[in-house]
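A.B. asks: attaching a predicted model along with its sequence, questions to come.
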Amino acid sequence: MPVHVKHKTSINCTLDKVYDALTTKKGIQGWWTPDTEIKPEVGTTAIFDFGDRYHNKMEIIDLQPAQKVVWKCMQGNSEWVGTTITFDLEEQINQTVLRFGHNNWNKATDFFATCNFQWARYLTNLKNYCETGTGNPFTPNNL
């Protein structure tokens, strides 16, 4: 039975600003990893590198401006391959509510638990980046 990582947070900025942080090279470099190649178009492949440890290739499978972003992992850690990463956005009283999912893991392993923790940390970076312009993306010292 597949397992899923789920997180929810509120971000004090517009839907458009959060969407841009999730779909543009500059945005993702500001909160996740500086070594990013992405084109915000369905069917394209995005690459997210974390030093020599992790090389992730994601197919962008759904983009709904200011509403939804979905990636499917095509290459990376074997536990990530075939999983989907979703960012659902909703405006609520001058905030953007982000519902995040990293879905369809085969089982809840130690690596799953580590990734769950790291996703929470990176989503906090996303929140800070959108609200203040300063995130804390990957460096070899903070993985």
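C.D. replies: Received it, and whenever you're ready, just let me know what you need.
A.B. asks: how much space between Met58 and Phe87?
C.D. replies: 12 Å (CB to CB, to the nearest Å). Yep, even glycine has a C-beta here, placed from its N, CA and C like the rest.
A.B. asks: again but with Ala66, I slipped
C.D. replies: Applying CB to CB to Ala66 and Phe87 gives a distance of 11 Å.
A.B. asks: with neighbour numbers in mind, choose between those two.
C.D. replies: Phe87 (20 against 15; other CB atoms under 10 Å).
A.B. asks: my read: the more buried one touches Leu98, true?
C.D. replies: Yes. In terms of CB atoms under 8 Å, Phe87 counts as a neighbour of Leu98; the distance is 6.3 Å.
A.B. asks: returning to what we had before: overlap in contacts, Met58 and Phe87.
C.D. replies: Counting by CB atoms under 8 Å, 6 or more residues apart in numbering, Met58 and Phe87 have no shared contacts at all.
A.B. asks: tell me which residues of the longest helix anywhere in the chain come out buried.
C.D. replies: Secondary structure of the chain per DSSP state H: the longest helix is helix 110-132. Residues of helix 110-132 classed as buried: Phe112, Cys115, Asn116, Trp119, Tyr122, Leu123, Asn125, Leu126, Lys127, Asn128, Tyr129, Cys130 (neighbour count, 16 or more other CB atoms under 10 Å).
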